[in-house]
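> Only the shape, not the letters, is given here:
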Ligand SMILES: Cc1ncc(COP(=O)(O)O)c(C=O)c1O
(Lines give C-alpha, C1' and ligand atoms only; values in the text may rest on other atoms or scores of the structure.)
Protein backbone atom coordinates (compact mmCIF):
# COMPACT_ATOMS: atom_id res chain seq x y z
CA UNK A 1 0.00 0.00 0.00
CA UNK A 2 1.33 3.44 -0.89
CA UNK A 3 -0.23 5.61 1.76
CA UNK A 4 1.08 8.76 0.18
CA UNK A 5 -0.97 8.04 -2.94
CA UNK A 6 -4.10 7.26 -0.96
CA UNK A 7 -4.29 10.31 1.27
CA UNK A 8 -5.87 13.50 -0.07
CA UNK A 9 -3.55 15.40 -2.37
CA UNK A 10 -3.75 18.52 -0.23
CA UNK A 11 -2.19 16.65 2.71
CA UNK A 12 1.08 16.21 0.87
CA UNK A 13 1.91 19.90 1.35
CA UNK A 14 -0.10 20.46 4.51
CA UNK A 15 1.54 21.39 7.81
CA UNK A 16 -0.66 20.48 10.74
CA UNK A 17 -1.37 22.83 13.65
CA UNK A 18 1.28 22.39 16.29
CA UNK A 19 -0.09 22.52 19.83
CA UNK A 20 2.22 24.05 22.45
CA UNK A 21 4.60 21.81 24.34
CA UNK A 22 3.29 20.21 27.53
CA UNK A 23 6.06 18.73 29.63
CA UNK A 24 4.74 15.80 31.62
CA UNK A 25 6.49 16.31 34.92
CA UNK A 26 5.43 18.76 37.63
CA UNK A 27 6.98 21.99 38.76
CA UNK A 28 6.51 23.90 35.50
CA UNK A 29 4.94 27.33 35.34
CA UNK A 30 3.03 27.16 32.08
CA UNK A 31 2.64 30.63 30.68
CA UNK A 32 2.60 29.44 27.07
CA UNK A 33 -0.96 28.42 26.19
CA UNK A 34 -3.27 31.11 27.59
CA UNK A 35 -5.03 28.76 29.97
CA UNK A 36 -6.81 30.17 33.00
CA UNK A 37 -4.53 29.92 36.05
CA UNK A 38 -7.51 29.32 38.35
CA UNK A 39 -9.18 25.92 38.56
CA UNK A 40 -12.97 25.78 38.15
CA UNK A 41 -14.82 26.82 41.32
CA UNK A 42 -15.39 24.05 43.86
CA UNK A 43 -19.15 24.04 43.11
CA UNK A 44 -18.46 23.50 39.43
CA UNK A 45 -16.10 20.62 40.15
CA UNK A 46 -18.80 19.06 42.32
CA UNK A 47 -21.35 19.39 39.51
CA UNK A 48 -18.87 17.74 37.14
CA UNK A 49 -18.17 14.90 39.56
CA UNK A 50 -21.87 14.37 40.18
CA UNK A 51 -22.43 14.12 36.43
CA UNK A 52 -20.15 11.11 36.27
CA UNK A 53 -22.86 8.57 37.02
CA UNK A 54 -24.64 5.74 35.22
CA UNK A 55 -26.15 8.21 32.74
CA UNK A 56 -22.87 8.43 30.90
CA UNK A 57 -23.99 5.29 29.05
CA UNK A 58 -26.52 7.49 27.22
CA UNK A 59 -25.78 9.79 24.31
CA UNK A 60 -25.74 13.48 25.21
CA UNK A 61 -28.38 15.94 23.99
CA UNK A 62 -27.22 16.55 20.40
CA UNK A 63 -28.84 19.99 20.38
CA UNK A 64 -27.43 21.12 23.77
CA UNK A 65 -30.86 22.60 24.38
CA UNK A 66 -30.37 23.59 28.05
CA UNK A 67 -27.00 25.13 27.40
CA UNK A 68 -28.22 27.22 24.49
CA UNK A 69 -31.09 28.46 26.64
CA UNK A 70 -28.86 29.43 29.54
CA UNK A 71 -26.29 31.11 27.29
CA UNK A 72 -29.01 33.46 26.07
CA UNK A 73 -31.00 33.87 29.28
CA UNK A 74 -28.14 34.22 31.72
CA UNK A 75 -24.67 34.48 30.21
CA UNK A 76 -25.45 37.02 27.48
CA UNK A 77 -28.47 38.65 29.10
CA UNK A 78 -26.85 42.09 29.32
CA UNK A 79 -24.94 41.89 26.03
CA UNK A 80 -27.62 43.40 23.77
CA UNK A 81 -27.41 40.61 21.20
CA UNK A 82 -29.57 37.99 19.49
CA UNK A 83 -32.10 36.26 21.70
CA UNK A 84 -33.37 33.44 19.52
CA UNK A 85 -32.30 29.94 20.66
CA UNK A 86 -31.88 28.93 17.04
CA UNK A 87 -29.14 31.52 16.75
CA UNK A 88 -26.81 29.62 19.07
CA UNK A 89 -24.49 26.79 18.08
CA UNK A 90 -22.56 24.68 20.60
CA UNK A 91 -19.18 23.29 19.60
CA UNK A 92 -16.50 20.98 20.89
CA UNK A 93 -14.30 23.91 21.81
CA UNK A 94 -14.34 26.96 19.64
CA UNK A 95 -11.82 25.33 17.29
CA UNK A 96 -14.48 22.86 16.20
CA UNK A 97 -16.87 25.73 15.52
CA UNK A 98 -14.45 27.13 12.97
CA UNK A 99 -14.13 23.71 11.37
CA UNK A 100 -17.92 23.51 11.08
CA UNK A 101 -17.99 26.99 9.50
CA UNK A 102 -15.49 25.80 6.89
CA UNK A 103 -17.62 22.72 6.28
CA UNK A 104 -20.61 24.92 5.57
CA UNK A 105 -19.01 27.54 3.36
CA UNK A 106 -15.78 26.40 1.73
CA UNK A 107 -15.48 24.48 -1.51
CA UNK A 108 -11.96 23.94 -2.87
CA UNK A 109 -10.68 27.17 -4.40
CA UNK A 110 -13.03 29.49 -2.48
CA UNK A 111 -11.32 32.54 -1.10
CA UNK A 112 -10.74 32.92 2.64
CA UNK A 113 -9.40 36.16 4.08
CA UNK A 114 -7.23 35.91 7.18
CA UNK A 115 -4.82 38.29 8.86
CA UNK A 116 -1.20 38.04 9.92
CA UNK A 117 -0.21 37.70 12.64
CA UNK A 118 -3.13 35.90 14.19
CA UNK A 119 -4.17 32.51 15.56
CA UNK A 120 -2.46 29.81 13.45
CA UNK A 121 -5.50 27.56 13.07
CA UNK A 122 -7.12 29.89 10.53
CA UNK A 123 -4.43 29.18 7.97
CA UNK A 124 -4.28 25.49 8.84
CA UNK A 125 -8.01 25.01 8.23
CA UNK A 126 -7.94 27.15 5.08
CA UNK A 127 -5.20 24.89 3.72
CA UNK A 128 -6.99 21.72 4.79
CA UNK A 129 -10.17 22.78 2.99
CA UNK A 130 -8.12 23.73 -0.08
CA UNK A 131 -9.24 27.34 0.06
CA UNK A 132 -7.54 30.16 -1.77
CA UNK A 133 -5.91 32.08 1.06
CA UNK A 134 -5.72 35.86 1.08
CA UNK A 135 -3.52 36.60 4.08
CA UNK A 136 -3.53 40.33 4.81
CA UNK A 137 -0.66 41.79 6.85
CA UNK A 138 -1.76 43.79 9.86
CA UNK A 139 -0.02 47.16 10.26
CA UNK A 140 3.15 47.36 12.39
CA UNK A 141 1.03 48.29 15.41
CA UNK A 142 -1.24 45.29 14.62
CA UNK A 143 -4.13 47.51 13.57
CA UNK A 144 -6.15 46.76 10.45
CA UNK A 145 -4.83 48.09 7.13
CA UNK A 146 -7.21 49.89 4.78
CA UNK A 147 -6.79 47.06 2.26
CA UNK A 148 -8.93 44.86 4.52
CA UNK A 149 -11.99 46.84 3.41
CA UNK A 150 -11.33 45.99 -0.24
CA UNK A 151 -11.00 42.24 0.35
CA UNK A 152 -13.36 39.85 -1.37
CA UNK A 153 -14.10 36.22 -0.61
CA UNK A 154 -16.46 33.81 1.11
CA UNK A 155 -15.09 33.93 4.64
CA UNK A 156 -13.10 36.51 6.54
CA UNK A 157 -11.75 35.36 9.90
CA UNK A 158 -10.69 37.90 12.46
CA UNK A 159 -9.63 37.42 16.06
CA UNK A 160 -10.64 40.07 18.59
CA UNK A 161 -8.77 40.43 20.95
CA UNK A 162 -6.12 39.23 18.53
CA UNK A 163 -3.70 36.47 19.43
CA UNK A 164 -0.73 37.09 19.79
CA UNK A 165 -0.73 40.87 20.39
CA UNK A 166 -3.84 40.95 22.61
CA UNK A 167 -5.67 43.98 21.23
CA UNK A 168 -9.34 44.14 20.19
CA UNK A 169 -10.29 45.66 16.85
CA UNK A 170 -13.27 47.67 18.04
CA UNK A 171 -16.84 47.58 16.81
CA UNK A 172 -16.56 50.46 14.36
CA UNK A 173 -13.86 48.53 12.49
CA UNK A 174 -15.74 45.23 12.61
CA UNK A 175 -19.00 46.80 11.50
CA UNK A 176 -17.23 48.47 8.57
CA UNK A 177 -15.74 45.09 7.61
CA UNK A 178 -19.17 43.46 7.66
CA UNK A 179 -20.37 46.24 5.34
CA UNK A 180 -17.50 45.96 2.87
CA UNK A 181 -16.99 42.19 2.77
CA UNK A 182 -19.30 40.27 0.42
CA UNK A 183 -19.07 36.99 2.37
CA UNK A 184 -19.32 35.99 6.02
CA UNK A 185 -17.20 37.77 8.64
CA UNK A 186 -16.24 35.38 11.46
CA UNK A 187 -15.09 36.97 14.71
CA UNK A 188 -13.22 34.70 17.12
CA UNK A 189 -13.87 36.15 20.58
CA UNK A 190 -12.08 33.41 22.54
CA UNK A 191 -10.49 36.07 24.76
CA UNK A 192 -13.27 38.66 24.82
CA UNK A 193 -14.21 37.99 28.45
CA UNK A 194 -10.91 39.63 29.44
CA UNK A 195 -11.77 42.71 27.42
CA UNK A 196 -14.39 45.39 27.91
CA UNK A 197 -15.38 45.07 24.26
CA UNK A 198 -17.48 42.57 22.38
CA UNK A 199 -19.02 42.65 18.93
CA UNK A 200 -22.03 40.57 20.02
CA UNK A 201 -24.36 43.61 19.69
CA UNK A 202 -23.39 43.92 16.00
CA UNK A 203 -25.29 40.70 15.33
CA UNK A 204 -28.50 42.71 15.62
CA UNK A 205 -27.34 45.05 12.86
CA UNK A 206 -25.76 42.77 10.25
CA UNK A 207 -26.57 39.30 8.97
CA UNK A 208 -23.19 38.25 7.57
CA UNK A 209 -21.51 37.92 10.96
CA UNK A 210 -20.68 34.88 13.10
CA UNK A 211 -19.23 35.47 16.57
CA UNK A 212 -17.81 32.60 18.55
CA UNK A 213 -16.56 32.25 22.09
CA UNK A 214 -14.86 29.67 24.25
CA UNK A 215 -15.32 28.09 27.67
CA UNK A 216 -11.60 27.25 27.66
CA UNK A 217 -10.17 30.59 28.70
CA UNK A 218 -12.34 32.66 31.03
CA UNK A 219 -14.24 29.60 32.33
CA UNK A 220 -11.24 27.31 32.98
CA UNK A 221 -12.75 24.40 31.02
CA UNK A 222 -10.07 23.95 28.34
CA UNK A 223 -9.89 20.18 28.76
CA UNK A 224 -13.65 19.68 28.38
CA UNK A 225 -13.76 21.38 24.95
CA UNK A 226 -16.79 23.65 24.95
CA UNK A 227 -17.52 26.73 22.87
CA UNK A 228 -20.47 28.51 21.32
CA UNK A 229 -21.28 30.64 18.31
CA UNK A 230 -23.98 33.21 17.69
CA UNK A 231 -25.25 34.12 14.24
CA UNK A 232 -28.39 34.53 12.18
CA UNK A 233 -30.57 31.43 12.66
CA UNK A 234 -30.31 30.56 8.93
CA UNK A 235 -26.51 30.26 9.29
CA UNK A 236 -26.80 28.25 12.51
CA UNK A 237 -29.25 25.91 10.78
CA UNK A 238 -26.63 25.11 8.14
CA UNK A 239 -23.98 24.60 10.83
CA UNK A 240 -26.21 22.13 12.63
CA UNK A 241 -26.75 20.22 9.40
CA UNK A 242 -23.04 19.50 8.97
CA UNK A 243 -21.83 19.01 12.53
CA UNK A 244 -21.26 15.50 13.82
CA UNK A 245 -24.38 14.31 15.66
CA UNK A 246 -22.90 14.25 19.17
CA UNK A 247 -20.16 16.83 18.87
CA UNK A 248 -20.15 17.84 22.53
CA UNK A 249 -20.22 15.46 25.46
CA UNK A 250 -22.54 15.34 28.45
CA UNK A 251 -19.91 16.21 31.08
CA UNK A 252 -18.86 19.24 29.06
CA UNK A 253 -22.45 20.39 28.78
CA UNK A 254 -22.98 20.00 32.53
CA UNK A 255 -19.74 21.86 33.27
CA UNK A 256 -20.60 24.74 30.93
CA UNK A 257 -24.07 25.04 32.50
CA UNK A 258 -22.51 25.11 35.95
CA UNK A 259 -20.08 27.85 34.85
CA UNK A 260 -23.01 29.92 33.65
CA UNK A 261 -24.76 29.41 36.98
CA UNK A 262 -21.65 30.68 38.80
CA UNK A 263 -20.83 33.24 36.16
CA UNK A 264 -20.76 36.24 38.52
CA UNK A 265 -18.16 34.67 40.80
CA UNK A 266 -16.03 33.64 37.85
CA UNK A 267 -16.05 37.21 36.56
CA UNK A 268 -14.95 38.35 40.02
CA UNK A 269 -12.15 35.79 40.05
CA UNK A 270 -11.00 36.81 36.58
CA UNK A 271 -10.64 40.41 37.75
CA UNK A 272 -7.48 39.20 39.45
CA UNK A 273 -6.11 38.27 36.01
CA UNK A 274 -6.81 41.79 34.77
CA UNK A 275 -5.06 43.28 37.82
CA UNK A 276 -2.11 41.01 37.30
CA UNK A 277 -2.00 41.92 33.60
CA UNK A 278 -1.68 45.57 34.63
CA UNK A 279 0.98 44.82 37.23
CA UNK A 280 3.09 42.69 34.87
CA UNK A 281 2.81 45.31 32.14
CA UNK A 282 3.96 48.09 34.48
CA UNK A 283 6.81 46.05 35.94
CA UNK A 284 8.15 44.90 32.57
CA UNK A 285 7.87 48.34 31.01
CA UNK A 286 10.43 49.56 33.55
CA UNK A 287 13.19 47.70 31.70
CA UNK A 288 15.16 49.47 29.02
CA UNK A 289 14.77 47.75 25.69
CA UNK A 290 11.53 46.04 26.70
CA UNK A 291 7.99 47.20 26.04
CA UNK A 292 4.67 45.50 26.62
CA UNK A 293 1.85 46.00 24.15
CA UNK A 294 -1.54 47.01 25.56
CA UNK A 295 -3.62 43.85 25.97
CA UNK A 296 -7.34 43.08 26.28
CA UNK A 297 -6.66 39.36 26.76
CA UNK A 298 -5.27 37.01 29.42
CA UNK A 299 -1.76 37.31 27.99
CA UNK A 300 0.75 40.01 27.19
CA UNK A 301 3.03 40.42 24.21
CA UNK A 302 6.49 41.62 25.20
CA UNK A 303 8.68 43.33 22.63
CA UNK A 304 12.47 43.29 22.86
CA UNK A 305 14.26 46.06 21.02
CA UNK A 306 17.19 43.78 20.33
CA UNK A 307 15.95 40.71 18.49
CA UNK A 308 19.01 38.66 19.45
CA UNK A 309 18.04 38.85 23.13
CA UNK A 310 14.51 37.48 22.75
CA UNK A 311 15.34 33.80 22.50
CA UNK A 312 17.88 34.10 25.31
CA UNK A 313 15.02 35.11 27.57
CA UNK A 314 12.80 32.28 26.34
CA UNK A 315 15.54 29.69 26.88
CA UNK A 316 16.70 30.99 30.26
CA UNK A 317 13.10 31.14 31.49
CA UNK A 318 12.63 27.57 30.33
CA UNK A 319 15.81 26.54 32.11
CA UNK A 320 14.09 27.77 35.27
CA UNK A 321 10.92 25.81 34.39
CA UNK A 322 8.88 28.74 33.11
CA UNK A 323 7.29 28.19 29.70
CA UNK A 324 6.49 31.18 27.50
CA UNK A 325 5.60 31.35 23.80
CA UNK A 326 7.95 32.50 21.08
CA UNK A 327 6.87 32.48 17.45
CA UNK A 328 9.70 31.86 15.01
CA UNK A 329 7.82 33.65 12.28
CA UNK A 330 8.28 36.84 10.26
CA UNK A 331 7.72 40.06 12.23
CA UNK A 332 7.40 38.15 15.51
CA UNK A 333 11.01 37.18 16.27
CA UNK A 334 11.49 39.91 18.86
CA UNK A 335 8.37 39.20 20.88
CA UNK A 336 7.45 36.77 23.65
CA UNK A 337 3.83 35.99 24.52
CA UNK A 338 3.26 35.41 28.21
CA UNK A 339 0.02 34.13 29.72
CA UNK A 340 -1.07 35.86 32.91
CA UNK A 341 -0.69 33.35 35.73
CA UNK A 342 -1.55 33.41 39.41
CA UNK A 343 0.11 36.09 41.53
CA UNK A 344 2.60 33.46 42.65
CA UNK A 345 3.39 32.37 39.04
CA UNK A 346 3.79 35.98 38.00
CA UNK A 347 6.10 36.78 40.91
CA UNK A 348 8.28 33.86 39.97
CA UNK A 349 8.28 34.99 36.34
CA UNK A 350 9.16 38.58 37.29
CA UNK A 351 11.93 37.53 39.62
CA UNK A 352 13.55 35.24 37.03
CA UNK A 353 13.02 37.85 34.34
CA UNK A 354 14.98 40.30 36.51
CA UNK A 355 17.88 37.89 36.85
CA UNK A 356 17.98 37.33 33.12
CA UNK A 357 17.65 41.06 32.41
CA UNK A 358 20.70 41.70 34.61
CA UNK A 359 22.62 39.36 32.32
CA UNK A 360 21.45 40.58 28.93
CA UNK A 361 19.85 44.04 29.05
C1 LIG B 1 -7.59 32.90 19.22
C2 LIG B 1 -7.97 31.55 19.71
N3 LIG B 1 -9.15 31.03 19.35
C4 LIG B 1 -9.51 29.79 19.76
C5 LIG B 1 -8.68 29.05 20.57
C6 LIG B 1 -9.11 27.67 20.95
O7 LIG B 1 -10.17 27.72 21.80
P8 LIG B 1 -10.96 26.39 22.21
O9 LIG B 1 -10.22 25.79 23.35
O10 LIG B 1 -12.31 26.90 22.60
O11 LIG B 1 -11.00 25.49 21.03
C12 LIG B 1 -7.45 29.56 20.97
C13 LIG B 1 -6.59 28.73 21.82
O14 LIG B 1 -5.54 29.04 22.23
C15 LIG B 1 -7.08 30.83 20.52
O16 LIG B 1 -5.90 31.37 20.85
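Great, that's in hand. Remember, predicted model here, so these are calculated numbers, not experimental data.
> what about the closest residue in space to residue 82 that isn't next to it in sequence, how many neighbours?
If you skip the residues right next to it in sequence, residue 82 has residue 203 as its closest partner in space, 5.0 Å away by CB to CB, 6 or more residues apart in numbering. Using the backbone N, CA and C atoms, a C-beta is placed for each residue, glycine as well. As a burial measure, the neighbour count of residue 203 was computed by other CB atoms under 10 Å and equals 21.
> My reading is that residue 203 lies in a strand. Confirm?
No. Secondary structure of residue 203, determined by DSSP: H, G, I helix; E, B strand; the rest coil: helix, with no strand assignment.
> Do you know the pLDDT at the spatially closest residue to residue 76 that is not a sequence neighbour?
Of all residues not flanking residue 76 in the chain, residue 200 sits nearest, at 6.6 Å (CB to CB, 6+ apart). Model confidence at residue 200, given as pLDDT, is 98.
> is the ligand contacted by the strand or helix carrying residue 211?
In this structure, residue 211 sits in strand 209-214 according to DSSP states H and E. Yes. Using CB under 6 Å from any ligand atom as the criterion, contacts between strand 209-214 and the ligand involve residue 214.
> Show me what that strand pairs with in its sheet, parallel or antiparallel.
Partner strands for strand 209-214, per DSSP bridges, with pairing direction: strand 184-188 (parallel), strand 227-231 (antiparallel).
> With mean neighbour count, distance to residue 293 and mean pLDDT added, can I get these in a markdown table?
Formatted as a markdown table, the entries for the strands paired with strand 209-214 read as follows, by neighbours: other CB atoms under 10 Å; distance: least, CB to CB, whole Å; pLDDT from 0 to 100:
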| stretch | mean neighbour count | distance to residue 293 | mean pLDDT |
| --- | --- | --- | --- |
| strand 184-188 | 25 | 19 | 99 |
| strand 227-231 | 25 | 26 | 98 |
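> Kindly reformat those as TSV containing distance to residue 131.
Conversion of the strands paired with strand 209-214 to TSV gives the following (distance: least, CB to CB, whole Å):
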stretch	distance to residue 131
strand 184-188	13
strand 227-231	19
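> Nearest to residue 81 among these would be which one?
Evaluated over the strands paired with strand 209-214, closeness to residue 81 peaks at strand 227-231, with 6.3 Å, by CB to CB.
> what does the stretch 1-150 of the chain put close to the ligand?
Taking CB under 6 Å from any ligand atom as the measure of proximity, the stretch 1-150 of the chain contacts the ligand at 34, 93-95, 119.
> try 5 Å this time
Of all the residues in the stretch 1-150 of the chain, those in contact range of the ligand (CB under 5 Å from any ligand atom) are 93-95, 119.
> all helices for the stretch 51-200 of the chain, in order.
Taking DSSP state H, counting those that start in this stretch to define them, one finds helices in the stretch 51-200 of the chain at 65-70, 93-105, 121-128, 171-180.
> relative to helix 93-105, how tilted is the third one?
Between helix 121-128 and helix 93-105, the angle formed by their directions is 40 degrees, by axes from the mean of the first three to the mean of the last three CA atoms, to 10 degrees.
> sorry, back to before: average pLDDT across the strand holding residue 211?
Per-residue pLDDT values over strand 209-214 give a mean of 98.
> ends of stretch 237-251, how far apart?
Separation of the first and last residues of stretch 237-251 by CA to CA, to the nearest Å is 24 Å.
> Please read the previous query as pertaining to stretch 140-158.
Length of stretch 140-158, first residue to last, CA to CA: 17 Å.
> Then stretch 177-195?
Taking CA to CA as the measure, stretch 177-195 stretches 20 Å from start to finish.
> Tell me how far that stretch lies from the chain's centre.
Distance of stretch 177-195 from the chain centroid (CA atoms, centre = their mean, to the nearest Å) equals 12 Å.
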